[in-house]
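Peer 1: Give me coordinates for this.
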Amino acid sequence: MSVAQRSAQVAAVFDRVVEEYDNVGVPWFTPIAERLVRETGARPGERALDLGCGRGAALFALADAVGPQGRATGIDLSSGMVAATRQDAAARGLGNVDVAVMDAGAPELPTGGYDVAVASFVVFFLPAPGRALRAWRELLVPGGRLGLSTFSDHSSGWLDGVFRPFLPPRAFSAASPFDSDEGVERLVTSAGFTAARTTTFELDVLLRDLDHWQQWSRSHGQRATWDRIPVEQHDRVRAAAGEFLEPYRTADGHYRITQPIRLTLAERP
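Peer 2: Alright, predicted model coming up:
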């Protein structure tokens, strides 16, 4: 698959989940993005960039951090996400926000135009993460800060593990820089960033029942995984998810999972 085909495929997935994205009663993207923005130290008056802004979880946090004298720009490959986020920004009365349809993997933005940039749960979707990171470095001023959020453990059963038996082995790479803190830091530093460091935190995820898990799982990028599995297999996926989730069941019948989240911070020299 060419880069253009891969990008079109990713955009189509997120266009399909615009209305449900971060909107099914599971606090997920917003608390992660808000923590990421805090870690970057975004300050009043700065120019901030959200790469792959989705429905604005990090974008709106950046807008609050930089204030009326600053500017927060969001870009996303999905035109549906961009249209919805523009509407949300207007509804919030945010005059310091702009949003554009653009590929985060190859952004067409001014060199040295930003003091801080974030990419929350984006970089592992890109066909060439190293090349994207080099492009992001050029968008920052010297001393500008970059923040990434990724999964500290993406292979746990309730995330990807439940799908593995239903997909070909090649669907899951044997090794990835996103498998470890050191791998992500190496990826960042090889792109020319310095002072790379990792911090992690735990996010409590509460799911009402198996229906809620399935609704949440289909409301974001994991929708692409569902789409690769024949519909007649979906009940088997759901049953496998029930087995994975059972150890997390609470006395009230809900599922409570603690997910470690990795934040990687770095600077442009």
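Peer 1: got the contact list for G41?
Peer 2: 116, 145 (CB atoms under 8 Å, 6 or more residues apart in numbering). For every residue, glycine as well, the C-beta is placed using N, CA and C.
Peer 1: My guess is L203 contacts W28. True?
Peer 2: Yes: assessed by CB atoms under 8 Å, L203 is found in contact with W28 at 7.4 Å.
Peer 1: Number of residues surrounding A61?
Peer 2: 24 (other CB atoms under 10 Å).
Peer 1: nearest residue to it other than its sequence neighbours?
Peer 2: V37 (4.1 Å; CB to CB, 6 or more residues apart in numbering).
Peer 1: For the helix or strand where V237 lies, buried residues please.
Peer 2: Secondary-structure assignment from DSSP states H and E places V237 in helix 234-245. For helix 234-245, the buried set under the neighbour-count rule, 16 or more other CB atoms under 10 Å, comprises 237, 240-242, 244-245.
Peer 1: low pLDDT regions in the stretch 1-150 of the chain?
Peer 2: The stretch 1-150 of the chain contains residues with pLDDT under 70 at 1.
Peer 1: quick revisit: tell me which strands and helices the helix holding V237 is in contact with?
Peer 2: Under the contact criterion of 3 or more CB pairs under 8 Å, 6 or more residues apart in numbering; DSSP states H and E, helix 234-245 touches helix 210-217.
Peer 1: returning to what we had before: of L203 and W28, give the one with the bigger neighbour count.
Peer 2: W28 (19 against 14).
Peer 1: I'd like the distance between the closest residue to the more buried one other than its chain neighbours and E243.
Peer 2: Of all residues not flanking W28 in the chain, D22 sits nearest, at 6.5 Å (CB to CB, 6+ apart). For D22, the distance to E243 equals 27 Å [CB to CB, to the nearest Å].
Peer 1: Can you show me the strands along this protein?
Peer 2: Taking DSSP state E as the test, the strands found in the chain are 47-51, 71-76, 97-101, 114-120, 140-151, 194-207, 255-267.
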